[in-house]
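1. Provided below are the primary sequence and the corresponding predicted coordinates.
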Amino acid sequence: MYSKLRNVGLLAFVALFSVSCHKTPLTEYHTGQLIHFDSTSTSEDERVLKLIHPYKTQIDSQMNEVVGYCAESMSKYRPESPLGNAVVDMLMNYTTHELQIEPDVCVMNFGGLRTALNPGKITRGKVFELMPFDNSLVVVELNQKQLDKLAAHILSKGGEPIGGIKQVRIIQTNGYAQFSFDQAINIKERYQIITSNYLANGGDGFSVFNESTKKTELNVLIRDALVHQFIHTTSANKPLSGRLEGRIPNSQNNE
């Protein structure tokens with residue numbers, strides 16, 4: 001009996017080994033050919049153009065939409081420029097009137113403004129050129145010491161766009177930087193700063209914002225806020241204008 005069982009087991013093993021050794025392999029084979037790409041060619045592919053044409057037409061119609069008007073040429077420069085002032089003022093007004101939030105200061109960064117504005121019509125595409133990044137508005141709460149650090153950092157950068165509902169400027173006395181509101185130093189327990197999520201997260205050296213214990217994401221793209229302000233606050237008879245107000249000490253070096 002033992003001999004028979006052993007033979008049966010041996011036969012089963014041989015059958016299993018035979019099946020496993022002759023099963024269909026998992027590797028699949030495909031044929032193809034190498035396509036050479038001429039990187040020096042500048043000719044347009046008609047097939048691709050035809051494919052993207054309806055999308056390009058739709059995007060162009062949106063980007064060419066006139067959303068506002070500008071009174072004069074405005075470029076950016078340090079320590080303070082009409083363009084930088086105009087942008088932060090528009091964002092401050094949007095936050096105050098559309099979101100019913102009244103921050104003390106609006107702070108943006110010089111490098112975030114990517115183009116100048118020309119006099120005349122302003123298209124949606126131009127606003128995209130000015131603010132091409134998907135940065136959003138954030139309210140950061142700072143105490144007095146942190147606010148002074150923010151002022152010092154802005155001066156160390158040679159100036160950044162700042163604004164407020166009240167007249168806001170940075171003053172420097174004996175090497176000490178402070179924000180001034182309506183020509184007076186306000187001593188408050190907490191200050192609300194409207195800025196971009198990039199700066200709020202410590203970007204561009206704004207590490208003082210990482211000391212904050214309260215940040216509120218407003219879920220509004222800066223670009224969308226600017227488009228809204230152009231549409232609702234400017235016209236051919238009331239174009240956007242910027243002005244210099246001495247918000248940053250003139251002793252800073254221009255760029």
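-> Structure received.
2. and the residue nearest the centre of the chain, how far is that from Lys215?
-> The C-alpha lying nearest the average C-alpha coordinate of the chain belongs to Asn135 (CA atoms, centre = their mean; 2.5 Å). Distance of Asn135 to Lys215, computed by CB to CB, to the nearest Å: 14 Å. C-betas here are computed from N, CA, C, even on glycine.
3. correct me if wrong: the residue nearest to the centre of the chain contacts Gly112.
-> Yes: distance between Asn135 and Gly112: 7.0 Å, which falls inside the contact criterion (CB atoms under 8 Å).
4. so where's this protein shaky on pLDDT?
-> By pLDDT under 70, the low-scoring segments of the chain are 1-30, 35-38, 41, 53-54, 56, 186, 251-255.
5. any chance you could map the strands in it?
-> Using DSSP state E, the strands of the chain run over residues 66-70, 105-107, 120-123, 136-142, 162-163, 168-173, 176-181, 191-196, 215-221.
6. from the contact counts, what lies against the fifth one?
-> Contact analysis of strand 162-163 by 3 or more CB pairs under 8 Å, 6 or more residues apart in numbering; DSSP states H and E lists helix 82-98, strand 105-107, strand 168-173 as its packing neighbours.
7. before we move on, what about the last one?
-> Using 3+ CB pairs under 8 Å, 6+ apart, the elements in contact with strand 215-221 are strand 136-142.
8. what is the strand it packs on packed up against?
-> Packed next to strand 136-142, using 3+ CB pairs under 8 Å, 6+ apart, are helix 82-98, strand 191-196, helix 197-200, strand 215-221, helix 222-233.
9. hey, what's the residue nearest to Gly164 when sequence neighbours are not counted bridged with?
-> For Gly164, ignoring the flanking residues on the chain, the nearest one in space by CB to CB, 6 or more residues apart in numbering is Val105 at 5.0 Å. Residues in a beta bridge with Val105, per DSSP bridges, are Ile193.
10. how near is Val105 to Lys145?
-> Taken as CB to CB, the spacing of Val105 relative to Lys145 amounts to 15 Å.
11. then Gly246?
-> Applying CB to CB to Gly246 and Lys145 gives a distance of 25 Å.
12. then Ile194?
-> Distance, Ile194 to Lys145, by CB to CB: 20 Å.
13. quick one: which of these two has more around it?
-> Legend: neighbour count by other CB atoms under 10 Å for Ile194 and Lys145, higher for Ile194 (28 against 10).
14. so the more buried one makes contact with Leu91?
-> Yes: in terms of CB under 8 Å, Ile194 counts as a neighbour of Leu91; the distance is 6.4 Å.
15. what's the overlap in contacts for those two?
-> Both Ile194 and Leu91 are in contact with 106, 137, where contact means CB atoms under 8 Å, 6 or more residues apart in numbering.
16. who's in contact with the nearest residue to Leu91 once chain neighbours are set aside?
-> Of all residues not flanking Leu91 in the chain, Cys106 sits nearest, at 5.3 Å (CB to CB, 6+ apart). Counting by CB under 8 Å, 6+ apart, Cys106 makes contact with 88-89, 91-92, 95, 161-164, 193-195.
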